[in-house]
Every structure is written in structure tokens, then in C-alpha cells.
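Peer 1: Structure, please.
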Amino acid sequence: MSASCCGTTASLELEQNVTSGAAGVLPIVVIGAGPVGLAAAAHLTERGQDFLVLEAGGQIAASVAQWGHVRVFSPWKYNIDAAARRLLEADGWTAPDADWLPTGAELVDDYLAPLAKLFGDKVRLGAKVSAISRLGYDRVRTNGREDAPFLIRLEGGEELLARAIVDASGSYTSPNVLGASGLPAHGEAEVGDLVDHALPDVLGDDRDRYEGRHTLVVGAGHSAATTLLALAQLENTPITWAIRAAGASRTYGGGEADALPARGALGTRLRAHVESGRIRLLTGFFTHSVTRSGDQAIVVSRDPSGAEQSVTVDRIVVATGYRPDHSIASELRLDLDPILGSTRRLAPLIDPNQHSCGTVPAHGVDELSHPEPGYYAVGVKSYGRAPTFLMATGYEQVRSVVAAIAGDWEAARDVQLDLPETGVCSSNLAEAQEQRVGLATGVSGGLLATPLPLVTVGASDGGGCCG
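Peer 2: Below you'll find the model as predicted:
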């Protein structure tokens, strides 16, 4: 079977492979207890499927907690999965204001933690998956493969069996490098103590590291914009912003025309800081080397023509995006697109050369299937390097995948999605190396956020601003 095939024969073969086999009595394992992983658990619960959620971190949605200080662009009405809502409301939960823009911490405290609590000991914390295979089968062996259960090895050595795997482990822990061309800059590893990746808490816990220090922010995505705006609130703090493009129009985005007003306001405010000189913008910047000079770093750009420019700074924020780590599934048969690292069938639907956040079509189990029946990467991880992921997309993915696992193929293939259009998603593959942190809906890469306090957006009295 090939995940890139289409047509009736391939569809029937997929249905037979997913629903057959002696492994059927085993649980489905969900990797990751973030928004999409817990949404998968909610759908599995509604369909009466046994499951276990494995979260590598020490708390629910550990990656989301890392950017807990950030307020997302999308209001609550886009951030709550339908099955999760039904389970929570049946337990007496009251949904937050539908128009309020939550922080990452609010997503965890007001939604994800209560949801996980419903699942009890079916959610395990501190359970980091180190490898996945088939019991008794390496990647080469075929005969009887579909009937063999999945073997999941945890970092501590424990091994578990599963009949299907929903991998919602995300990509937050595998950020892109500082260097251009996809390679680390020369000397990058030697200045690690001067470097943070996307979305440091520059107005909170990390303030002492940034206030009064010259900071270089590298990246053209919305995590870069978020950090730049936060830094601009610190007095006596020089800021340099470096991008590879010849201009910042893609980062500035749609402004007032953006379907998510908070996101549009981000670009508008950033442009004003650049034009006023508060933020120094370096264009055509291709980071080639980083050299320590006392307590500072000299960052040198060398563009494709060989021309160089440099800047000496105290701190560096690398907001160049994230990439999926498929190494845990190296013994499974994956059919990955050679460019994006998504499934081959999904790639043309999310290609940032062709699509923005709001134009990616609905998709589900057919587009997410690999030649390894029963293994599905969902959420941010499913998009590979494409920066067009939305949380609502992830919710529809797991609804479809869980329906297929349960044998309800009619529901699995009835994929529907209603998304806000975007005016700011990058449509250039080179620009796609932007921040895709995460997991909120309505934004490029899931979570495009503005720093606190959030500027008031819109005319309503709803949650358009931080109180």
C-alpha cells in the first residue's frame, strides 16, 4: 500500500489494514498531551476506544507551557475541539468567553488540564517515547506485518504495545538552526549561552537577560515579530532584526484586512517600530558564522553572492522555525515528502508556495496515512516544515483519524473545515523557515502571538484585549 495512492482500490486496502489484525485488543497510543493529542483522546473516548496518552513533559501540554506568557491571535471559539467540549460540559465545565484571546497558560489551565483530568490514569506524564517499531519486525520484514502490534519504547527502557499510534508530539523541541541554507552557522554551538529560541519571556522571567542588552532577532515569522514587539517595550535595549528577504512585507502582513485582528495588529505595530528606528532592520541577512567576543557575539552574514555584513550583539533570539523529528519512527514505513517532510499526499495541500493559513483544504485520514497502517502523525508534526498549520486543522485531522481507527470510514472521509482567511502567512518556501510554534488555531504554524499586554483589537467589548 502507498499513502500517495488514490482511488477505490487503495481506499479499500487502507480500510482493511487499519481495522484488521490480532492487535485489535490493544489500546491506541497517543503521543503528546497537547491540544491535538488531547483532542484525539476526547474522540477516542466518545467512540469507546481504549487508549493511553504519553506526554514527555512533566505536566500536561508541556510545550504549550513554555510559551505560557504569550497571548494567541485566535479567540477561544477556535481553540476548543468539539468532542473535548462535549466531554467537559458533561462534567460541569463552563467554556471561557468565546471571543477572548487566551494566553498559552490559560489554554493549559482553563482547557487542557481540565480535559486531561477527565482521562485519569490514561494520561501518563514523563513518558518520553524514544522509538517505535512493530513487535518482531524491523522496517524490511513484510509478511504478517499488518497483524503485528506496534512496539513503543520509552526513554527509561519500558516497552508498550499498541494497535495504532496517533503521533501528536509536535515539533517544539526540534527548532531550526541559526545558520542559513539549513545548516548550523559556524561557531553556533559555541555561543549557546547567548542564544534563545523562539518566544523567550523578555517581559517576565527572562527580562534580566535582555533589558539593557543589544539583542539580535533572526527570522521573518510571527514569533520573531512577537519577540521584537516585546523587546521594544524595554528601555535602553537596542534591537536588531535580521531577515533573509529583501523586505519585511510578508511579516507585516495584512494589517487591518487580516481575518484575525490581533494578528494584523502585530504586523502594523512592527512596521511602525521599524520605520521609527526603534528596531533596526537588516535585510538580505544569511547567517554564516558566530564568533564570541568577550561577553558578546559577532554574527556574520554571507549572502549567495558572497557579500558580507556583520553585527555585534549581547543576545540572539533564533526564530527561524521548527522541523519535525521523525527519528522515533525510523523503523516504520513512512512515505515523506522530500521537501516538506509531511506525508507525500498531504504536501501539495499545504505547500506554502501555493497556500496560506486560510486556504489549506480540509484533510484527514487519507492524506495522513503512511505505508505503515495504523501510524498517523497529526498536528504540527504532520505539516513537516510547512508554516500553514492551524489548530482547527489538527482537530479535524484527529476526528477523521479516530473515526477510521474505529471503523467508521464514512465519517472519516467526511472532512470539513471552516477557517479564517489569513493576510500574513508566508507564501515563499524560503520564508517558510519561520516560527511555527505551536498549536493555536488561526495562525501560521499554529500559534502566532502578540506579547502581553495585548493591544485592543476590534470594537467589541469582548476578549479583544488583555485585562
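Peer 1: which residues touch the nearest residue to residue 247 once chain neighbours are set aside?
Peer 2: Of all residues beyond its chain neighbours, the one nearest residue 247 is residue 283 (6.3 Å), with distances taken as CB to CB, 6 or more residues apart in numbering. In short, each C-beta sits where N, CA and C put it, glycine included. With contacts defined as CB atoms under 8 Å, 6 or more residues apart in numbering, residue 283 is in contact with 243, 245-248.
Peer 1: Please indicate which of those residues are buried?
Peer 2: With burial judged by 16 or more other CB atoms under 10 Å, the buried subset of the contacts of residue 283 is 243, 245, 248.
Peer 1: The second one - that's part of a helix, no?
Peer 2: Meaning residue 245. No - applying DSSP: H, G, I helix; E, B strand; the rest coil, one finds residue 245 to be coil, outside a helix.
Peer 1: What mean pLDDT does stretch 390-407 get?
Peer 2: Averaged over stretch 390-407, pLDDT sits at 95.
Peer 1: Repeat that for stretch 375-384.
Peer 2: 97.
Peer 1: mind saving the C-alpha coords of that stretch as CSV?
Peer 2: Output in CSV follows, covering the C-alpha atoms of stretch 375-384 (Å, rounded to 0.1, in the frame of the first residue of the first chain):
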residue,chain,number,x,y,z
TYR,A,375,0.5,5.1,12.4
TYR,A,376,-0.5,8.7,12.0
ALA,A,377,1.5,11.9,12.6
VAL,A,378,-1.0,14.7,13.3
GLY,A,379,-1.0,18.3,14.4
VAL,A,380,2.1,20.5,13.8
LYS,A,381,4.2,17.4,13.2
SER,A,382,2.1,16.3,10.2
TYR,A,383,2.9,19.5,8.4
GLY,A,384,6.6,19.0,8.4
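Peer 1: Give me the phi and psi angles of residue 50.
Peer 2: phi -70, psi 140 (degrees, to the nearest 10).
Peer 1: Would you check that it makes contact with residue 28?
Peer 2: Yes - assessed by CB atoms under 8 Å, residue 50 is found in contact with residue 28 at 7.0 Å.
Peer 1: buried stuff in stretch 98-105?
Peer 2: Neighbour-count burial for stretch 98-105, counted by 16+ other CB under 10 Å, picks out 100-105.
Peer 1: Inside helices: which ones of these?
Peer 2: For the buried residues of stretch 98-105, the ones inside helices are 104-105, with DSSP state H as the criterion.
Peer 1: Closest to residue 83 out of the buried residues of stretch 98-105?
Peer 2: residue 102 (19.3 Å; CB to CB).
Peer 1: got a list of what the closest one touches?
Peer 2: So residue 102 contacts 71-72, 76, 79, 96, 110-111 (CB under 8 Å, 6+ apart).
Peer 1: re the thing from before, now the common contact residues for residue 50 and residue 28.
Peer 2: What both residue 50 and residue 28 touch, as defined by CB under 8 Å, 6+ apart, is the set residue 44.
Peer 1: These two: who's more crowded?
Peer 2: residue 28 (24 against 13; other CB atoms under 10 Å).
Peer 1: Can you name the residues that contact the more buried one?
Peer 2: Residue 28 touches 44, 49-52, 162-166, 405, counting by CB under 8 Å, 6+ apart.
Peer 1: bridging residues for it?
Peer 2: residue 51, residue 164 (DSSP bridges).
Peer 1: quick one on the thing from earlier: please render the buried residues of stretch 98-105 as CSV that adds pLDDT and distance to residue 176 to the earlier fields.
Peer 2: What follows is those, written out as CSV (pLDDT from 0 to 100; distance: CB to CB, whole Å):
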residue, pLDDT, distance to residue 176
100, 90, 32
101, 87, 27
102, 92, 26
103, 93, 25
104, 94, 21
105, 96, 25
